[in-house]
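Sharing a sequence plus its predicted fold:
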4 protein chains.
Amino acid sequence: MIGTGFMARAHSHAWRTAPRFFDLPLRPELAVIAGRDPARTEAAAAKLGWSGHDRDWRRVIERDDIDLVDIVTPGDTHAEIAVAALEAGKHVLCEKPLANTVADAQRMARAAESAADRGQLSFCGFSYRRTPALTLARRFVQEGRLGAVRHVRAQYLQDWLSDSASPMTWRLDRVRAGSGSLGDIGAHSIDTAQWLTGQRITGVSGVLRTFVSRRPVLDQQVGLGGTASADAPLAEVTVDDAAAFTASFEDGALGVFEATRMALGRRNANRIEVNGEHGSIAFDFERMNELEYYDGAAADDEAEGFRRIQVTDPAHPYAPNWWPTGHGLGYEHLFTHQAVDVVTAVAQGTSASPTFAEALGVQKVLAAVASSAADASRWTEIDEETR
Amino acid sequence: MIGTGFMARAHSHAWRTAPRFFDLPLRPELAVIAGRDPARTEAAAAKLGWSGHDRDWRRVIERDDIDLVDIVTPGDTHAEIAVAALEAGKHVLCEKPLANTVADAQRMARAAESAADRGQLSFCGFSYRRTPALTLARRFVQEGRLGAVRHVRAQYLQDWLSDSASPMTWRLDRVRAGSGSLGDIGAHSIDTAQWLTGQRITGVSGVLRTFVSRRPVLDQQVGLGGTASADAPLAEVTVDDAAAFTASFEDGALGVFEATRMALGRRNANRIEVNGEHGSIAFDFERMNELEYYDGAAADDEAEGFRRIQVTDPAHPYAPNWWPTGHGLGYEHLFTHQAVDVVTAVAQGTSASPTFAEALGVQKVLAAVASSAADASRWTEIDEETR
Amino acid sequence: MIGTGFMARAHSHAWRTAPRFFDLPLRPELAVIAGRDPARTEAAAAKLGWSGHDRDWRRVIERDDIDLVDIVTPGDTHAEIAVAALEAGKHVLCEKPLANTVADAQRMARAAESAADRGQLSFCGFSYRRTPALTLARRFVQEGRLGAVRHVRAQYLQDWLSDSASPMTWRLDRVRAGSGSLGDIGAHSIDTAQWLTGQRITGVSGVLRTFVSRRPVLDQQVGLGGTASADAPLAEVTVDDAAAFTASFEDGALGVFEATRMALGRRNANRIEVNGEHGSIAFDFERMNELEYYDGAAADDEAEGFRRIQVTDPAHPYAPNWWPTGHGLGYEHLFTHQAVDVVTAVAQGTSASPTFAEALGVQKVLAAVASSAADASRWTEIDEETR
Amino acid sequence: MIGTGFMARAHSHAWRTAPRFFDLPLRPELAVIAGRDPARTEAAAAKLGWSGHDRDWRRVIERDDIDLVDIVTPGDTHAEIAVAALEAGKHVLCEKPLANTVADAQRMARAAESAADRGQLSFCGFSYRRTPALTLARRFVQEGRLGAVRHVRAQYLQDWLSDSASPMTWRLDRVRAGSGSLGDIGAHSIDTAQWLTGQRITGVSGVLRTFVSRRPVLDQQVGLGGTASADAPLAEVTVDDAAAFTASFEDGALGVFEATRMALGRRNANRIEVNGEHGSIAFDFERMNELEYYDGAAADDEAEGFRRIQVTDPAHPYAPNWWPTGHGLGYEHLFTHQAVDVVTAVAQGTSASPTFAEALGVQKVLAAVASSAADASRWTEIDEETR
């Protein structure tokens, strides 16, 4: 594993837990974790259960006993590490966003394509796909329960930046973060929407907005939260606080997307609704164990309505390996499911979705939104060739 | 009253009911109802409780015993009737949309302005404003509970056109209806958003979509619903099935709007959410007696969450005149409240909102959305002068 | 109409409104309203739209031009008025509770039985039955959608007595009110449960509780609410604040009932849930336009869940006469529906439910609960003969 | 660990996971797991991550390197193992129910009391207490947010026995299971109610019901689910399918409890609502990350309503050690939290709740309900001495 932050904790738990609840064809071994700060890395190894630790990721990817490299560093470092790991013959799981730029993402996708010829897997961590309710929603689309899709309505609403006095962080600096709400959380909505409907986004019209343009700088960088003193110097926020865009899908559906970190009261409302000719689904991650489903195909007018499916039944994705019906799962289960799918794909020599190519597709939509926003929201096509 | 259709029923009930539950300064008398078809008009008069009936609206507006003319005909006839009624010295209540074109709406607004100098009231029937929960939401904004508004998220979702085989109606014909979902229901969202926030929309980027471009023609025009035979001739749908647009408000808030009659399972989901710096509100007309409110100003981290206010308390707008707390109201109450406010304004000689000028403002936003949609979603300003 | 209080307002509105929305075989005329206080009665006649007024109900029931007597006085006066009206040859609609005692109720039921032989209708105003969602729920039971009923879970939760300092009212005096939460609101739950399931309650075990045993007396009796001064004298509360009981239904279902006016935050949560072998329904009057329905008969494990039916579709009870789908109704519609059903029954010479006999059945369950509560919650049968 | 079934999986995960997310004073080591079937026990050790395995639990409790014995066997074996383990000087964590009989539970409580003098901890696994939302609810009670408690409304609704044709299992056999829904799930409600309010239940009136008295026997006993062939022999169900009881709490609150495994559509609706003089809370385990809270103390009539608290904020119990706000937890987290609390108590030499004495209190309430149900629901006191 390369990286020791928040996502290292989630991924480590997943590798540790997957074989305890699922029958895997291979048993993952947590060999080594790499990070720049030796003390912090050693502590992470102990806390998270890794056998070894290293301050140099290059040394890690050269080790013969390593089969898979799990990259959980910030986005601007993904390309270098992932390409090197693929060239070193490793399978690669890389956290989202694939990269901070389309150019980097393209380089990674090309490297992944070459590696695939050598039997190597590349996989991007759009973990929300592994929410059982969303996997079920996709199954409904594939089974034809919704019929032709007309509307995709996706919102990713958070509120941790609502306070105008909350301090500057690296996430608000374009150089380091690449993007604001659009790339951080809007990317999830784009990936979910394309995967769930099985359709690519072909064009967008977008707008970006920064509500708080300057924020106080704390003496030493802290995590989220914290309050700066009144005389703290101010730094420029160089990313968007919120993004909104309309979109067309390849079979004609109309998409409306919104991403913000300033929707006060919405903690992690990663929502998507899809309306088809024969049915609809609606999902909100704040109630991640539920899927709302409307069945318009049955001719039973007096009994029709959105039904709240608790996605914890043995008939549901991933559910039989956990608890009895009605006993819900939590956020980290997405990563455990991801680990299960990655290990299975590695063992079977199959491809696993989302590939780097799919993640590049998300990156292109993000770039098109930003480009449209910079040009008076003009409709911007996502060229089929480059998609 | 001019018109004998669906809205005639709602307005008649309101005029009849308002004095029974509210202490009005004037008692409305239902003098005469006018419609083109004599038999139908006579029947309407009997059913809805009007003393007289007439086949010529011109005769009605000339009667000395008429003080107020209530126009509930289709939008393309509003301008002619309203202007004539105002010139005849009557107060006018006109159903929304004010008109089918900006030009007509401007003509009406000018006539209303002149009439106002003579003490006449002009009022446009954006009745959703009279939902107690939305009136309360506006009060919250005005009390400063939300602080600076950042996000407006408005959706008006219906599903009665979802079936591709449902027949052609005059509502799908641009000549007669003026517009599709945008003008029919999107107009409500625009009015609510501007009124609730107290801010004008200054620019938009829009997209319109027609999913079902041809529909079967029935032998004789029927109401909503009905199914055509397989060999019925097809007619072209010339309005939008769905509309989506992003918007800027004058103080910088970001708006995201969507209107559709094809969101299967959503019957009348007229929704609006507003996120401010200190609080948020959320509303869905499918649960019209409730307002969701998030208070972010209180420093009580462990107890914060959206609260479901049942807007039926004596402290709430319109509520004390109805039933005990927890006993909800229905759709027609909006019209009764409107009647109360109109009668009160007439008696007091005050202006009543929404005026024709405000309704013209809504019309301009609609026109700007359509214009943007026709020009690759290019950002389109709504000029302050003409607003 | 006999009585001029809160219910007079609701019933008057219903008589006025029913013929405007429904095609009735007879047109109700609001002839005369009677009350003890002449000034108040005259004002009520004017406000509520009655042609005449009288201070003596006996004079009213003797009038030849009166066909139906609508009794909306307090419960302790029902028997005398209703029996007299029936003996005078009138149809009678009597508000719930039928009476304050089983003996009175029996007297009324006997009078009603005799009157029925003469073609007269007697009807008790358990108006919640006319909620479209509950009428639909009953239809589901009758259609067999639920199969054999196992559980009935009914709660009627209000909170207007939560404040220990809120003043004494006649509703808290056993002599005048007969009973507290049990008879006032628990009676609704009992009637709904028996009617909805089509099964009688055969036995109960109950408990009653008074949380605030003394309350301040105000100088002059006011309505609900109001606060007494600190030195106000205290009066004894002689009815129950809350009631709870378990129950058996004739086909073996298990009932759990609770009624309280001290469930802080619950305004008018009149709830019922029924679980059957093949399906379930759940209802809460705070969302009176919705019915939750679980269909367990379909073998579609991955898509099962409670569905939220908006009971506003043309396929639903009473709905076609009102507004388009998704436009909800309010509390007073129950009375309008009741008026429709009563007028129809009168015109057709048919019986209308709930009859006085059915209301007597409710009274017997109430008496059994009180009796059980007074005897250490001992199981108390409701004898079939006397039922 | 003694036992290899469903709960072994949950507890093993907890011991493994607790030190990865919490800073514990001691690090748990998964030394040995014991079970009767050697092959199954060996497999469990491998799957669940235990260093050793043994077919004899007596050998395990004699090992010097064992500090804590975790008992996850069926209820009828608890007393023997727990008492032996306590006598062997071990700390003991025992799954609920503490025992199948009050006599056994008393024996265990006495052994625990003696062991406590020797510094040994005894702890009963009522894991629902460790739901962050319920821990928060209790904190609200303790902070005085609710004021004097008046109503406790607890339901534990499941539906896995709804199908009359589903086969006989050991859980439906009184000899092995001790009780049906009452002891299996009603016990959780009782524990939660007493702990949350801080008040003991002093008396009850109960009723038990068995809806399906005979069920088909399968050739070989399988887990939940499965369908028997038409000619399968039938066995008698000797436990209750459902239980309901009213209750008094020591400070006068009125409780209404219901437990069933036949509430079709309710998967794991472990619900509790508490109404106090100044506030209310409501919880449903099907939405375990949420707590509904009504604050009646604030005099803000126009803004009052139940608020939906997402119990994932750093201010909330257990939450800071997991994920960012809005990222929910799942069922197994209860066990991880329990492990954290047990390890902390062991390290600090403090007592940990629920003790065996508290669990005995729950057992006495269960016994009183059963006794009341067998005696015409007669009110049954739970004697303070023996409580």
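Here it is on my side, so go on.

Quick check, the residue in the stretch 101-250 of chain A closest to chain B?
Proximity of the stretch 101-250 of chain A to chain B (CB to the nearest CB) peaks at A:Ser205, 3.7 Å away. C-beta: built from backbone N, CA, C; applies to glycine.

my guess is that residue meets A:Asp375, correct?
No. Here A:Ser205 does not reach A:Asp375: they are 9.8 Å apart, not a contact under CB atoms under 8 Å.

what's the neighbour count on the closest residue to A:Pro74 other than its chain neighbours?
Leaving aside its sequence neighbours, A:Pro74 sits nearest to A:Arg176 (CB to CB, 6 or more residues apart in numbering or on different chains; 6.8 Å). By other CB atoms under 10 Å in any protein chain shown, 15 other residues sit near A:Arg176.

Repeat that for A:Ala148.
Other residues within reach of A:Ala148, judged by other CB under 10 Å, total 13.

Ramachandran coordinates for it?
A:Ala148 adopts backbone torsions of phi -60, psi 130, taken as degrees, to the nearest 10.

give the contact list for it.
Residues near A:Ala148 by CB atoms under 8 Å, 6 or more residues apart in numbering or on different chains: A:Asp251, A:Gly276, A:Glu277.

so who does the second one touch?
By that I understand A:Gly276. A:Gly276 is in contact with A:Val141, A:Arg145, A:Leu146, A:Gly147, A:Ala148, A:Val149, A:Arg150, B:Leu264, counting by CB under 8 Å, 6+ apart.

Would you quantify the distance from it to A:Gly296?
In this view, A:Gly276 and A:Gly296 are 8 Å apart by CB to CB, to the nearest Å.

Find residues that contact each of those two.
Common neighbours of A:Gly276 and A:Gly296 are listed as B:Leu264 (criterion: CB under 8 Å, 6+ apart).

Am I right that A:Leu329 is in a helix?
No. Under DSSP: H, G, I helix; E, B strand; the rest coil, A:Leu329 falls outside any helix and is assigned coil.

so where is chain A shaky, pLDDT-wise?
Residues of chain A meeting the criterion pLDDT under 70: A:219-228, A:384-387.

mind checking the SS state of A:Gly206?
Here A:Gly206 is recorded as strand under three-state DSSP.

Near it, how many other residues are there?
Neighbours of A:Gly206 under the rule other CB under 10 Å: 30.

swap in A:Ala345?
17.

my read: it touches A:Ala339, true?
No. In this structure, A:Ala345 is not within contact of A:Ala339 by CB under 8 Å, at 10.8 Å.

where does the residue of chain A most remote from its centre fall, helix, sheet strand or coil?
Within chain A, A:Glu302 marks the point farthest from the mean C-alpha position, 39.7 Å out by CA atoms, centre = their mean. Here A:Glu302 is recorded as helix under three-state DSSP.

which residues does A:Val149 bridge with?
A:Gly276 (DSSP bridges).

go on, the one 5 residues further on?
With DSSP bridges as the criterion, the beta-bridge partners of A:Ala154 are A:Phe257, A:Ile272.

ok, it to chain C distance?
In this structure, A:Ala154 and chain C are 22 Å apart, going by CB to the nearest CB, to the nearest Å.

again, but for A:Gly203
For A:Gly203 relative to chain C (CB to the nearest CB), the value is 32 Å.

I'd guess that residue is in a strand, am I close?
Yes. Under three-state DSSP, A:Gly203 falls within a strand.

Nearest residue to A:Phe335 in space, please, no chain neighbours.
Distances taken as CB to CB, 6+ apart place A:Ala14 nearest to A:Phe335, at 3.7 Å, with adjacent residues excluded.

Correction: the previous question concerned A:Ser371.
Among residues not flanking A:Ser371 along the chain, A:Thr380 sits closest, at 5.5 Å (CB to CB, 6+ apart).

which of A:Ser205 and A:Asp375 has more neighbours?
Each of A:Ser205 and A:Asp375 has its neighbours counted (other CB under 10 Å); A:Ser205 has more, 31 against 14.

so who does the closest residue in space to that one that isn't next to it in sequence touch?
Nearest residue to A:Ser205, sequence neighbours excluded (CB to CB, 6+ apart): B:Ser377, at 3.7 Å. Applying CB under 8 Å, 6+ apart to B:Ser377 gives the contacts A:Ser205, A:Thr246, A:Ser372, A:Ser377, A:Arg378, A:Trp379, B:Ser205, B:Gly206, B:Val207.

Can you pull the phi/psi pair for B:Ser377?
Dihedral angles phi and psi of B:Ser377 (degrees, to the nearest 10) take the values phi 60, psi 20.

what about it, distance to chain C?
Here B:Ser377 is placed at a distance of 30 Å from chain C (CB to the nearest CB).

From A:Ala374, how far off is that residue?
Here the criterion is CB to CB. By it, B:Ser377 lies 14 Å from A:Ala374.

One more: A:Gly49?
Distance, A:Gly49 to A:Ala374, by CB to CB: 45 Å.

top helix in chain A by residue count?
Ranked by number of residues, the top helix in chain A under DSSP state H is helix A:356-373.

Within range of chain D, give me the residues from chain A.
Within reach of chain D by CB under 8 Å from any CB of the partner chain, chain A has these residues: A:9-10, A:12-13, A:16-17, A:20-21, A:47-49, A:158, A:160, A:224-225, A:266-269, A:285-289, A:310, A:312-314, A:322-333.

let's go with 6 Å and repeat that
For chain A, the residues in contact with chain D (CB under 6 Å from any CB of the partner chain) are A:Arg267, A:Asn268, A:Met288, A:Gln310, A:Trp323, A:Thr325, A:Gly326, A:His327, A:Gly328, A:Leu329, A:Gly330, A:Tyr331.

can you map out the strands along the stretch 151-300 of chain A?
A:201-209, A:214-216, A:234-236, A:242-249, A:254-260, A:269-276, A:279-284, A:290-295 (DSSP state E, counting those that start in this stretch).

Any chance of TSV for those strands, columns distance to A:Arg118?
Shown next, in TSV, are the strands of the stretch 151-300 of chain A (distance: least, CB to CB, whole Å):
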stretch	distance to A:Arg118
strand A:201-209	31
strand A:214-216	46
strand A:234-236	45
strand A:242-249	34
strand A:254-260	37
strand A:269-276	36
strand A:279-284	38
strand A:290-295	39
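
Hmm, A:Ala82 is touching A:Met108, no?
Yes. Using CB atoms under 6 Å, A:Ala82 makes contact with A:Met108 at a distance of 5.3 Å.

Quick check: A:Val369 vs chain C, distance?
Distance of A:Val369 to chain C, computed by CB to the nearest CB: 33 Å.

what's around that residue, how many residues?
The burial count for A:Val369: 32, using other CB under 10 Å.

Now it: closest residue in space that isn't a chain neighbour?
Using CB to CB, 6+ apart, the closest residue to A:Val369 is A:Gly206 (3.7 Å).

does that neighbour have beta-bridge partners, and which?
For A:Gly206, the beta-bridge partners are A:Phe245 (DSSP bridges).

Give me the distance between A:Val60 and chain D.
For A:Val60 relative to chain D (CB to the nearest CB), the value is 21 Å.

ok, the residue lying closest to A:Ile185 once chain neighbours are set aside - contacts?
Distance criterion CB to CB, 6+ apart; nearest residue to A:Ile185, sequence neighbours excluded, is A:Tyr156 at 4.1 Å. Contact analysis of A:Tyr156 by CB atoms under 6 Å, 6 or more residues apart in numbering or on different chains lists A:Ile185, A:Ser189, A:Ala259, A:Asn270.
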